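Asks: based on what follows, work out the 3D shape:
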Amino acid sequence: MPDDAVGREHGAAEAAAAEEESAFSHPPVDPDATAAYGDHPDHVIDFYAPHGPAARPDDGSAPLVVVLHGGAWRAPYDRRHITPFAGFLARRGFAVANVEYRRGGDGPTVAGRWPETFDDVAAALDALPALAAAHLPQADPRRMVVTGHSAGGHLALWVAARHLLPADAPWYLDRSAPLRGVVALAPVADFGVAAKLDVCSDAVRQLLGGEGHFAERQPYADPALLLPTGIATTLVQGRADIDVPQIVAESYADAAAKAGEVVGLTLLEDVGHFPLIDPVADACAVVAEEIAQLAW
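Replies: This is a model prediction of the structure:
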């Protein structure tokens, strides 16, 4: 590799490390309430009440933003790391539900559990309207937007496409989810492309149970194969992202266009993977605005 290319690669890695350090430097933000949607310790949703100006003046309600955290579906990365982002959205006037789910079960480097990761996210979304009514009365479920970062971006796209799953899928819905929209942040949105690029160290193959199960399970899990959803969708992607490269989001947007659906793609210059959920980064404010555009 030429010296200038090595230098660019080294510089990109240093920038990415600094962005990650900033995003993970914030103390966790405790929720206003927590509720269980199942029996496993990971079957919980944290609720954050709106604290900002976005509440509707006539009844004080606010859009409900569902947050699905990333971390390559691996066990060490739970919802705690994204609580500063959840708190940031609450300060912008949104009611927020931060969902936990089961992640890799065979060690810290294994991505996801099949089918438990999908069981959990589907169950959480199904239980959410009733739980929000009980624990976050300010939330307006008629204006619900799902957002997620990285692996959570994949899950956000997936929950909006459950009505397109094969009919034998346990998570299949016979109608589209009642969502105002999806804002997927640096999402692992196309499993075929992500697998070829070895995104997050083979995470998509691990999530589906390994190479031997990848092809048979991909139609049940890959958002790029579950289109058109009929639900307003925006992808927010940093052009400098070396964790989930821009081409993954672009491939999903292209697949949507071929299916007759327009998907928004907001590309941010000189932004990598983590500023999208870092409350002190300008990119995070862009994310909040994209959510507001769909929520209202």
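
Asks: contacts only, for the closest residue to residue 213 other than its chain neighbours.
Replies: Sequence neighbours aside, residue 114 is the residue nearest to residue 213 in space, at 7.2 Å (criterion: Cβ to Cβ, 6 or more residues apart in numbering). No exception for glycine: its C-beta is placed from N, CA and C like everyone else's. Residue 114 makes contacts with 207-209, 213, 217, as judged by Cβ atoms under 8 Å, 6 or more residues apart in numbering.

Asks: can you do 7 Å?
Replies: By Cβ atoms under 7 Å, 6 or more residues apart in numbering, the residues touching residue 114 are 207-209, 217.

Asks: buried subset of those residues, written for ChimeraX?
Replies: To isolate the buried subset of the contacts of residue 114 in ChimeraX, counting by 16 or more other Cβ atoms under 10 Å, use the following:
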select :207,208,217
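
Asks: which one of the contacts of residue 114 is nearest residue 138?
Replies: Of all those, residue 138 sits closest to residue 207, with 34.4 Å by Cβ to Cβ.

Asks: I'd guessed that closest one sits against residue 113; true?
Replies: No: look at residue 207 against residue 113 with Cβ atoms under 7 Å: they stay out of range, at 8.3 Å.

Asks: redo the contacts of residue 114 as CSV? Include pLDDT, distance to residue 232 and secondary structure.
Replies: Listed next are these as CSV, based on pLDDT from 0 to 100; distance: Cβ to Cβ, whole Å; DSSP: H, G, I helix; E, B strand; the rest coil:
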residue, pLDDT, distance to residue 232, secondary structure
207, 97, 26, helix
208, 97, 28, coil
209, 95, 32, coil
217, 98, 27, helix
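
Asks: now the residue nearest to residue 213, what are its backbone angles?
Replies: phi -110, psi 130 (degrees, to the nearest 10).

Asks: and what of residue 128?
Replies: phi -60, psi -40.

Asks: that one against residue 97, yeah?
Replies: Yes: look at residue 128 against residue 97 with Cβ under 7 Å: they come within range, at 6.0 Å.

Asks: neighbour count for the two, which is higher?
Replies: residue 97 (29 against 23; other Cβ atoms under 10 Å).

Asks: that's a helix at that one, yeah?
Replies: No: Residue 97: not assigned to a helix; according to DSSP: H, G, I helix; E, B strand; the rest coil it is strand.

Asks: three-state assignment of the residue nearest to residue 80 when sequence neighbours are not counted?
Replies: Spatial nearest neighbour of residue 80, chain neighbours left out: residue 28 (4.9 Å); criterion: Cβ to Cβ, 6+ apart. Secondary structure, three-state DSSP: residue 28 is coil.

Asks: next one, pLDDT for residue 28 please.
Replies: pLDDT recorded at residue 28 is 97.

Asks: circling back to that earlier point, closest to residue 290 among the contacts of residue 114?
Replies: residue 207 (25.9 Å).

Asks: list the contacts for the closest one?
Replies: 73, 111-112, 114, 117 are the contacts of residue 207 under Cβ under 7 Å, 6+ apart.

Asks: leaving out sequence neighbours, find the closest residue to it.
Replies: residue 112 (3.6 Å).

Asks: the one you found contacts residue 104, correct?
Replies: Yes: applying Cβ under 7 Å, one finds residue 112 in contact with residue 104, separated by 5.8 Å.

Asks: shared neighbours of the two, anything?
Replies: Contacts common to residue 112 and residue 104, judged by Cβ under 7 Å, 6+ apart, are residue 73.

Asks: more crowded one of those two?
Replies: For residue 112 versus residue 104, neighbours defined as other Cβ under 10 Å are more numerous around residue 112 (26 against 22).
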